[in-house]
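J.: Quick one: sequence and predicted model below, then my questions.
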Amino acid sequence: MQEIIIVGDRVLIELEPGEKQTQSGLYLPATVTDQERVSVGRVVRTGPGYVIPNPEYSESEVWAPSRDAARYLPLQARPGDLAFFLRKELIELTLNGKNYSIVPHAAILALIRDTPEDLLSGITSLDDDL
């Protein structure tokens with residue numbers, strides 16, 4: 001079986017179906033929706049992130065354990081997210097009969113995640129300490 005590896009700060013997205021329904025009930029064909037500036041799709045895979053230098057890397061310390069010269073700053077997008085992205089930035093490809101798009105992470109305008117992270121879950125209340 002083939003595996004696709006996404007490189008760097010790119011995101012593999014499966015586009016939502018092209019036909020849309022307006023608020024008045026009219027169905028717009030895919031040819032009309034293709035002219036929009038923003039597209040919507042589901043994130044399938046992401047690359048490792050933005051490459052940044054590794055401060056722990058040194059060529060002068062030959063006795064030190066080997067470390068990679070680069071690190072990756074992870075991306076915000078995760079598989080399963082619904083992504084709104086700039087259409088002009090996408091690169092289309094077909095893999096195993098399915099149509100996908102690859103976009104740079106910077107082209108993503110917004111993400112909708114089904115289960116939002118609770119950023120405050122690890123913080124205890126001051127009342128608990130009293």
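T.: That came through fine.

J.: Next secondary structure element downstream of the longest strand seen in the chain?
T.: For the chain, the strand with the greatest residue count under DSSP state E is strand 38-46. Scanning forward in sequence from strand 38-46 by DSSP states H and E, the next helix or strand is strand 50-53.

J.: who's in contact with that following strand?
T.: If you take Cβ atoms under 8 Å, 6 or more residues apart in numbering as the criterion, strand 50-53 is touched by Gly8, Asp9, Ala69, Ala70, Arg71, Tyr72, Leu73, Leu75, His105. Yep, even glycine has a C-beta here, placed from its N, CA and C like the rest.

J.: Show me which pair in those residues is furthest apart.
T.: Ala69 and His105 (21.9 Å; Cβ to Cβ).

J.: neighbour count winner among these two?
T.: His105 (18 against 11; other Cβ atoms under 10 Å).

J.: Need the nearest residue in space to the more buried one, chain neighbours excluded.
T.: Sequence neighbours aside, Asp9 is the residue nearest to His105 in space, at 4.4 Å (criterion: Cβ to Cβ, 6 or more residues apart in numbering).

J.: Show the model's pLDDT score for the one you found.
T.: Looking at Asp9, its pLDDT reads 93.

J.: Please apply the same query to Thr115.
T.: Reported pLDDT for Thr115: 73.

J.: Just say helix, strand or coil for it.
T.: Under DSSP: H, G, I helix; E, B strand; the rest coil, Thr115 falls in the coil class.

J.: try Ile4
T.: Per three-state DSSP, Ile4 ends up coil.

J.: average pLDDT across the helix or strand hosting Tyr72?
T.: Element membership for Tyr72 (DSSP H and E) is strand 70-73. In this model, strand 70-73 has a mean pLDDT of 83.

J.: Quick check: buried residues in the helix or strand following that strand?
T.: Toward the C-terminus, strand 70-73 is succeeded by strand 82-86 as the next helix or strand (DSSP H and E). Across strand 82-86, burial judged by 16 or more other Cβ atoms under 10 Å covers Ala83, Phe85.
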